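**Q** just to be clear, the model below is a prediction. Sequence and coordinates:
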Amino acid sequence: MTLAEALPATGAATAPDTVLRVEGLCVSARTEAGLKPLVQDLSFELRKGETLAIAGESGSGKSITSLAIMGLLPQPAVRVTGGSIRFAGQDLTGLSEPALRAIRGDRIAMIFQEPMTSLNPVMTVGAQLAEAIRAHEAVSRPEAAKRAALALRAVRLSEPERRMTQYPHELSGGMRQRVMIAMALALKPEVLIADEPTTALDVTVQREVLDLLRDLQAQMGTAIILITHDMGVVAEMADRVIVMRQGRQVEAAPTLQIFDRPSADYTRALLAAVPRMGQGPTRPPVSTEPVARLTDVVVRYPLRQGVLGRVSANVHAVEHVSFDIRKGETFALVGESGCGKSTIARALVGLAPHQGRIEIAGQAMEGLDAQGLKAMRRKVQMVFQDPMAALNPRMRVGDLISEPLLIHGIGDAASQRARAADLMARVGLEPEHLNRYPHEFSGGQRQRICIARALALQPELVIADESVSALDVSVQARVLDLLRALQTEFGVAYLFISHDMAVVDNISDRVAVMYLGQIVELGTRAQIFGNPQHPYTRRLIGAVPVPDPRQKRRSGPRLAVEIPSPVHPPGQAPARVVLRDIGEGHLVGSEL
Amino acid sequence: MAAYLLRRLIQSALILLGVSFITFFLLYVLPADPVRQIAGRSATAQTVENIREQLGLDKPFVVQYARYMGGLLQGDMGRSYLQKTQVAELIWSRLPATLLLMAGAIFCELVLGLTMGIIAALWRGRSIDQTLMVTSFITVSAPQFVVSLLLLYIFAVKLGWFPIGGYGTFAHLVLPAVTLGILGSGWYSRMMRSSMIDVLRADYIRTARAKGLTRARIILRHALPNAILPVIAMIGIDIGIFMGGIVVVESVFGWPGIGQLAWQAIQRVDIPIIMGVTLVSACAIVLGNLLADLIAPLIDPRIRLR
C-alpha cells in the first residue's frame, strides 16, 4: 500500500463506505470544430455493495463515463478535461498507465455489452481467464488454472473444466457473458462496471445473467455500476439511479423515487416511453380474410461434408409452421435467437428455400417463375433491424424511397418523386429532405425512411423484422405510433418479428410464440399475455424485467438452461409440437 | 480432414491441367518458331522440315498436346530442344537453389513486412507510420532489376560485403534473398498495418486492456495472432508473384535456379523447358496455397476444413 492509499481521502466529506467518488467529471472529444463535451460536470458516489444504475439513451455519455473510470478512453481523441475520479485515495484521472493497469481488472473490473466479440477468438477460455489472474497476482500457471475453473464454477457454467479448453466460438452468447463475468470477478474487485451487460442477450438468458450478478454481489460485496438503457433492468437491479442525457446528469435518486416521483421532465418522458406489458390497446378483430397463409412450412439447411458433399446433418430452422396473417392486422412472431422467426420472414419474401405452402393474397408462391415472384414481392415488403445497414449510404433518400417503384416500373420519374415526397411526409419527415443522404438523419429517422420505402409499393403485408429493437425507447415509442397510424391509413398487415415481449404486447393483435423452429403457442394478444399456457411462453413472459421496482422478482431457482441444437442427422427430425385449440382459437402446443 | 485434403488435391490437379493447356496453347500460337532456333540461320528448308518432323511440331495442336500430356502422366517432361537433356533432370538439378532462395526471400519478406506493418499500425498517423508507408509504396512499385542492380552495386561492387553473383555459400544467398524480400515486403507491411489497425479496434482488445494486461502482452498475445491471419492466406498467393520475380533476380545475380533456366528457355523458345518450369511453378503456387489454408486453422480455431 502506498502512502497515498494509507491516508484518508481529502476533499469533501465522504461516507466511510464510499469506494468510488466522481466529482465534476468532464470528458471531451477533439473534433475539427474544437473540443466537444461528451460528459459535463458529472458527480456521484458509489458505496460498498450497492448497485448504481446510470441510465440514458444513446449519446447520453453513460458509456463514456464508464470508460473514463477504467482509464480506457480512446485517447488522445477523447480525454478527461476536468474533475476527478477518486478511488482508494487516489485520483484515477491523474494516474500513470502502469498505476492504472494495476487497478484495472484487479480492483475495478468491467464487463461489456457484446459477449460475442469481447473475447479473443483465438485463445481458449481458460487461457483468457488465467491470464487475467496472472496479470495481478504472482501465482503459478496450474494455480491460475485452478482459480479460473473455480471462477467458472462460480458463474454457474456447466462443466467448467471442459469450458476451460474451449474457444469462445464454441459457447453461446449467454455462456460467453458468464465467462466475461467470471473474468471480471475472479479477482474480487471492489467495483464492477457492467456496460449494458444483457442488452445483446435473449430475455431468458438476461434473466439468468442478472440473477447471477445479484448473487455474486451479495457474496462478495462488490459495488456495481450498471450502465443501461433498459428501465426494466434498472428497476430490477439498482439501488440508486442516475439519469443522464446529452452528457449531463438529469436526475439522481433512489430507484423507488425515480419510478414513483420522477422530478425531471426528461425522466418522466423516458419512463412514459418504456413499453410495458399489459397496456396495449385491445382492438376488435379486423378481418378474417388472410393476406398470407403458411401451411406446413419447413425450412431446412443441409450441412455438407466429405469429398462428394454428402449431407451429414440438417439445420431444422423452421419445422411445420402454419398460420394466417389477416388483412390489416398485426401478427407478431416472438421467440429467442435461433428460433426461426427471421427464417419465416425470409421464406415469405421468397429468400429461403422451403417445403410446404405459402400463399400471398390467395396465390401460392410455389411454382412461380421469376416474373411471378417479382409481382408477388410487390405485395410483401420488409423493414429490417439496422436502418443504417439497410440504406445504401451513397444514394439520396428520395432515390432510396422511389427505388421500389423504379424496379417494378411504376410511373415516370416525376410521379415517382412525387410519391417519395408524399411518403416522406406520411412518415413524419420533411419532404424537402429528399436530396439528403442517410447519414444526415438520426437512427429513428432512418427507420422512418425504411418504412416509407416499404410502403412505396402499397404492399398488403409489411414484415418488420426487429425493426424497433435498435432504437432508443423514446424513439421506439414514436416509431411504433407511426406504424399504428400507417396501418389505419393504408390498411396494411404487419408481420411483427421481435424478441421484446413488452413491445409485442403493445402493438400486436395476434401472437405466435416460436421455440426451436416450431410454434408452441398461438392466439390473440390477450390470450397469450393474459392466459399463457405453454411453459415456454410463461418462461418468456416471466423473464421480462418489469419497469417497476416494487415488482422485484423473488429469487427463484437458478438454472442455466441452454436451448438444444436445431441440428439433426439426415432422416431425423425433432419431435413435432402438436397444437391444440383450448377455445376461441387459442392454440397451445404439447410440452417438449 | 482426409476428405478435405483429397478434394483439394483433386482441385489442384484440375488447376494444373488448365495451366498446362493454356500454356501449351499460347506457345503453339506464338509466332516464334523453335525449329528455326534449333536449326540456326543457315539451315536449308529441308533441314528445318526434318527437324520439325522429328520433334513432332508438324502435327496438329491437339495431337501435340495429347502427346505431351501422355508423356507427363508417365513422368516424362520431354527433352530440351537445345540442351538435349531431360527437362525433368534440368529442373530437378536447379530446384534446390530456387527453393533455398524462396525460403530466404519469404523469410526476409515476412520479417521486414510484418515488422514495418506492426510499427506503422502502433504509431498510426505519426511520422514513422508515414515514412514506412511511403517506403512500402516505393518497394511495391520499384522494378525488380533496378533494386537488384542497386543492391548489387552498393553492397557487392562498392562495399564488397557480398559476392557479385553465383551460388554456394550463405553470403551468395543474402543479396538475392534481400532483394526479393524488399520487393515483397511492401505488400505485407500494408496488409499487416490495416489488419493490425482493425484488430486493435476490436472489443477483445478492450477486454484485454480492462484486465490490466501490459501493452506488450496485449499486442503479442491478443492482437498479433488475430492480425496475422489474413497475411497467412497472402503467403500462398505471394508464391505466384514470387515466381515472376525470381526470373529477373536469378538472372541478375547469376543464381542457378529454375528462374534462370526459364529465362534462357524463353529466349530460345525451348518449349519443353518452358512447359516444365511453368508446371513446376504452378505446382508450387497450388501447394503454397494449400499449405496456407492448412496452417490457418492452427492459429484460428474457428476455421474448420471441410
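**A** Noted; the coordinates are in hand.
**Q** can we go C-alpha only for contacts and neighbour counts from here?
**A** OK.
**Q** up against chain B, what does the stretch 151-300 of chain A have?
**A** Residues of the stretch 151-300 of chain A lying near chain B by CA under 8 Å from any CA of the partner chain: A:167, A:169, A:184.
**Q** would CSV of these with secondary structure and neighbour count be doable?
**A** Output for those, formatted as CSV (DSSP: H, G, I helix; E, B strand; the rest coil; neighbours: other CA atoms under 10 Å in any protein chain shown):
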residue, secondary structure, neighbour count
A:167, coil, 22
A:169, helix, 18
A:184, helix, 30
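**Q** burial measure for the residue lying closest to residue A:175 once chain neighbours are set aside, as a count.
**A** Distances taken as CA to CA, 6 or more residues apart in numbering or on different chains place residue A:157 nearest to residue A:175, at 7.0 Å, with adjacent residues excluded. Close neighbours of residue A:157, defined as other CA atoms under 10 Å in any protein chain shown, add up to 20.
**Q** ok, residue A:249 next?
**A** If we define neighbours as other CA under 10 Å, then residue A:249 has 22 of them.
**Q** mind checking which helix or strand it is in?
**A** Using DSSP states H and E, the element containing residue A:249 is strand A:248-254.
**Q** helices or strands up against the next helix or strand after that strand?
**A** Reading on from strand A:248-254 to the C-terminus, the next helix or strand found by DSSP H and E is helix A:255-260. Applying 3 or more CA pairs under 8 Å, 6 or more residues apart in numbering or on different chains; DSSP states H and E, one finds that helix A:255-260 contacts helix A:231-237, strand A:240-245.
**Q** and if we set it to 6 Å?
**A** The criterion is 3 or more CA pairs under 6 Å, 6 or more residues apart in numbering or on different chains; DSSP states H and E, and there are no helices or strands that helix A:255-260 contacts.
**Q** contact partners of whichever helix or strand comes after it?
**A** Next in sequence after helix A:255-260, counting helices and strands by DSSP H and E, comes helix A:265-273. For helix A:265-273, contacts defined as CA atoms under 6 Å, 6 or more residues apart in numbering or on different chains pick out A:262, A:473, A:474, A:477.
**Q** for residue A:372, the count of nearby residues, please.
**A** 11.
**Q** look up phi and psi at it.
**A** phi -60, psi -40 (degrees, to the nearest 10).
**Q** how much space between it and residue A:364?
**A** From residue A:372 across to residue A:364, the span is 10 Å (CA to CA, to the nearest Å).
**Q** does residue A:324 really touch residue A:293, like I thought?
**A** Yes. Between residue A:324 and residue A:293 there is a contact under CA atoms under 6 Å: 4.4 Å.
**Q** can you give me the helices for chain B?
**A** With helices called from DSSP state H, chain B shows them at B:2-29, B:34-39, B:45-55, B:61-73, B:87-122, B:127-141, B:144-151, B:170-200, B:203-210, B:215-217, B:224-227, B:229-253, B:258-267, B:271-299.
**Q** skip the chain neighbours and tell me the closest residue to residue A:218.
**A** Setting aside the residues directly before and after it, residue A:218 is nearest to residue A:49 in space (CA to CA, 6+ apart), at 7.5 Å.
**Q** was I right about the one you found contacting residue A:223?
**A** Yes. Using CA under 6 Å, residue A:49 is in contact with residue A:223, at 4.3 Å.
**Q** these two: who's more crowded?
**A** For residue A:49 versus residue A:223, neighbours defined as other CA under 10 Å are more numerous around residue A:223 (24 against 20).
**Q** give the contact list for that one.
**A** Contacts for residue A:223 (CA under 6 Å, 6+ apart) come out as A:48, A:49, A:50, A:51, A:191.
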